[in-house]
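> need a structure here:
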Amino acid sequence: MQIKKFIGDKAFYRTVLAVAVPIMIQNGFTNLVNLLDNIMVGRLGTECMSGVSIVNQFIFVFNLLIFGAVSAAGIFTSQYHGLGDTEGVRQTFRLKLIINVCTGALGVLVFAFFGRALISTFLHDGSLEGDLALTMAEGQKYLYWMLIGLLPYAISQAYASTMREIGKTMLPMIASIAAVITNFVLNLVLIFGYLGAPALGVAGAAIATVASRFVELGILLLCGHLKKEKYSFLQKAYLPFYISGTLVRRVALKGLPLMMNELFWALAVTMRNQCYSTRGLDVVAAQNINSTVENLVSVVYMAIGTSIAIVVGNLLGAGKIAEAKDADRKMLAFSVAAALLMGGLLALVSGLFPQLYETEEAVRSLAGFMMLVTAVVTPFRSFAHAAYFTLRSGGKVFITLLFDSIYMWVIVIPVSALLAYCTNISIYWMFIACQGIEAAKFMLGAFLLRRGSWAMQLVRTGENDA
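A predicted model of the protein is given here:
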């Protein structure tokens, strides 16, 4: 095996980083502020932190469904851009808008009518810490405010994803940074009642998040439509509002399975966490701390995965199959190397970070243990993540469905449920087992990529002309 096959030259990394760095900055800043927000809510006590954490499990499912929706059409957006077909890009944007608005409205209805029942699935007697009734009350309070932000978030993702897929990553980054700054400042004011404002607790945290959604959408709309020469797909984006029937059919064929994959994968992660929660409210709080830090350290390899979808998708759209395979191999290696570094950093802070939370020592100890286990599996997750985006870039949606959500539901969830409901195994061993089985997915990814059949050109010039 020649090591040079996995290492690019300076020009290659400049190209990759030009796409990845703005995404890293955007996601890193977002997750850093989310971490600080999480610490602020954690200062309110275990019940408040757990109530918010439970609701965010369901918001996570909604966000992943939106991600799946934009990714479904985004497969074609990247390839149309690589082909130089602006009309094709424009029509994928319109399709994203329609799907996202419908998904946002559905999310509001589901959470409004079934919110209490959903929250209750995470509340189990199993530890000495925590008041379940108070956790339910705080969770409901947080959820009902969060409903207001679902639609603006859905619309903003249609804009931001299309901009990123055509290589215009700066505006989405700026909009996201402005949003998280808004969120952070309002959290300080509204959670604790600074500057003469009332101390609203978890309701203040939700209001701050909703306000940030509107700020992000406002910046994308204003700057995007004022600079249509830069974002050419926004020229005549709404008039006429035409979408080719051929594109709709192709997105439905290639994209609907991808959207369903994101939904089922998110549901599987939520179900796995629900299995953890059977060991008590302290486990919910500890997992909240762990996942918050995990989201921050995973920013680098997550951004590289998104970059694979863009860079490799553009090359495939231009018909450069060999170049696409070469770029993908080098980006996979880059992703794993970055994950090794970030996993090491996570292990270093595992004993210190949980001490920032105003919670019980049992919660802090468990959170530190979870962070250590997560640090070990991070490189394997990074490879699986990059493999997923590689398969997706070539339109292998049914294979990604098998690789991602079906793997979770057929292997990870049955094991998690068996350990949770049929044994008395401690949360420590349960967490190791579930994380290890999930990380083992990288072997399936390596097998699928080795075949090389993922590299396909999906689009042709002018095929969606009216």
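> Low-confidence regions, this structure specifically.
Residue ranges of the chain with pLDDT under 70: 1-2, 8, 26, 29-31, 33-34, 124-130, 394-397, 452-466.
> Taking the centroid of it, which residue is nearest it?
The chain has residue 64 as the residue nearest its centroid, 6.0 Å off, counting by Cα atoms, centre = their mean.
> those strands in the stretch 101-250 of the chain, which residues are they?
With DSSP state E, counting those that start in this stretch as the criterion, the stretch 101-250 of the chain has no strands.
> Helices along that one, start to end?
Here the stretch 101-250 of the chain has its helices, by DSSP state H, counting those that start in this stretch, at 132-146, 150-165, 170-192, 202-226, 245-277.
> okay, those helices, which one's buried deepest?
Ranked by mean neighbour count under mean count of other Cβ atoms under 10 Å, those are led by helix 150-165, which reaches a mean of 24. Glycine gets a C-beta too; all of them are placed from N, C-alpha and C.
> how many degrees apart are it and helix 132-146 in direction?
Relative orientation of helix 150-165 versus helix 132-146 (axes from the mean of the first three to the mean of the last three Cα atoms, to 10 degrees): 60 degrees.
> For helix 150-165, name the packing helices and strands.
Packing contacts for helix 150-165, counted by 3 or more Cβ pairs under 8 Å, 6 or more residues apart in numbering; DSSP states H and E, involve helix 46-83, helix 86-120, helix 170-192, helix 202-226, helix 299-317.
> same thing but at 7 Å, please
Other helices and strands packing on helix 150-165, by 3 or more Cβ pairs under 7 Å, 6 or more residues apart in numbering; DSSP states H and E, are helix 46-83, helix 86-120, helix 170-192, helix 202-226.
> Mind checking those helices for the one nearest to residue 325?
Nearest to residue 325 among those is helix 46-83 (15.1 Å), distances taken as Cβ to Cβ.
> chain center to the closest one: distance?
Offset of helix 46-83 from its chain centre (Cα atoms, centre = their mean, to the nearest Å): 5 Å.
> and the helices of the stretch 101-250 of the chain as TSV, adding distance to residue 82?
As requested, the helices of the stretch 101-250 of the chain are exported to TSV (distance: least, Cβ to Cβ, whole Å):
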stretch	distance to residue 82
helix 132-146	37
helix 150-165	10
helix 170-192	19
helix 202-226	21
helix 245-277	16
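> Nearest to residue 375, out of those?
Closest among these, using Cβ to Cβ: helix 245-277, at 17.9 Å.
> List the contacts of stretch 47-66.
By Cβ atoms under 7 Å, 6 or more residues apart in numbering, the residues outside stretch 47-66 that reach it are 41-42, 100, 103, 107, 111, 118-119, 122, 130-131, 134-135, 138-139, 142-143, 146, 150, 154, 157, 201-202, 205, 262-263, 265-267, 270, 273, 281, 284-285, 288, 359.
> now do 6 Å
With contacts defined as Cβ atoms under 6 Å, 6 or more residues apart in numbering, stretch 47-66 is touched by 41-42, 100, 103, 107, 118-119, 122, 130-131, 134-135, 138-139, 142-143, 154, 157, 202, 262-263, 266-267, 270, 281, 284-285, 288.
> what does stretch 334-342 give?
Residues from elsewhere that reach stretch 334-342 (Cβ under 6 Å, 6+ apart): 297, 300-301, 304, 378-379, 382-383, 386.
> Just give me how far stretch 243-262 sits from the chain centre.
20 Å.
> Quick one: residues contacting residue 76.
By Cβ under 6 Å, 6+ apart, residue 76 lies in contact with residue 92.
> my bad, should have said residue 42
By Cβ under 6 Å, 6+ apart, residue 42 lies in contact with 49, 357.
> do residue 118 as well
Taking Cβ under 6 Å, 6+ apart, we find residue 118 in contact with residue 58.
> Of the helices and strands packed on helix 150-165, which is nearest residue 310?
Ranking the helices and strands packed on helix 150-165 by distance to residue 310, with Cβ to Cβ as the measure, places helix 46-83 first at 5.7 Å.
> what's the angle between the closest one and helix 202-226?
For helix 46-83 against helix 202-226, the angle by the same axes, to 10 degrees is 10 degrees.
> quick one, helix 46-83 and helix 170-192 angle?
For helix 46-83 against helix 170-192, the angle by the same axes, to 10 degrees is 170 degrees.
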